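> sharing a model prediction with you, sequence too.
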Amino acid sequence: MSEAVPLPIIREVLLSELRTLPVSEPKIRTEGDVLIWKTKRSYQDYAVFLRRLNESVVGQFLPCTTSSPPSQVITRTLELLDTLDRWINEIPPLETPQRFGNLAFRTWGARLEEVRYLIPLNYA
């Protein structure tokens, strides 16, 4: 088994430095903008953060007791996640060129309207 490669260190931004940083604004509007972002330090920091977050829970299990059934909110949330997971295979992206996003998203949105009852009111 190969040895794990240590992750790079994420830069630290002190609270006192926040006032000196430029005000954030949306900069990712096109696929080209995503490609540019992937070359930036912020993308690298974000990727390392997500990887560390994922690795921090490997082998950890949520406490689950069999003495009490899960709440209705938990049950409905799990049902919703299972449904959305199935849709990944049922509604693949269309392979045709499209100007304003993938048209398969329309199918996704229509399906979401059909199952909106699964979303608890306090999550909507």
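Sure, I can see it. Please read all numbers here as calculations on a predicted model, not as lab measurements.

> not counting sequence-adjacent ones, nearest residue to residue 33?
For residue 33, ignoring the flanking residues on the chain, the nearest one in space by Cβ to Cβ, 6 or more residues apart in numbering is residue 27 at 6.3 Å. C-beta coordinates here come from the backbone N, C-alpha and C atoms, glycine included.

> tell me where this protein has helices.
Assigned by DSSP state H, the chain shows helices spanning 31-37, 41-56, 72-90, 104-114.

> for those helices, which one sits closest to residue 21?
Residue 21 sits nearest to helix 41-56 of all those, at 11.4 Å, using Cβ to Cβ.

> and that closest one, what's buried?
By neighbour count with 16 or more other Cβ atoms under 10 Å, helix 41-56 contains no buried residues.

> outside of that helix, which residues touch it?
Residues from elsewhere that reach helix 41-56 (Cβ atoms under 8 Å, 6 or more residues apart in numbering): 7-8, 10-11, 37.

> switch to 10 Å and redo it
With contact meaning Cβ atoms under 10 Å, 6 or more residues apart in numbering, helix 41-56 is reached by 4, 7-11, 13, 34, 36-38, 40.

> ok, the residue nearest to residue 102 when sequence neighbours are not counted - contacts?
Of all residues not flanking residue 102 in the chain, residue 93 sits nearest, at 4.7 Å (Cβ to Cβ, 6+ apart). Residues near residue 93 by Cβ under 10 Å, 6+ apart: 101-105, 108.

> thanks again, I'm all set now.
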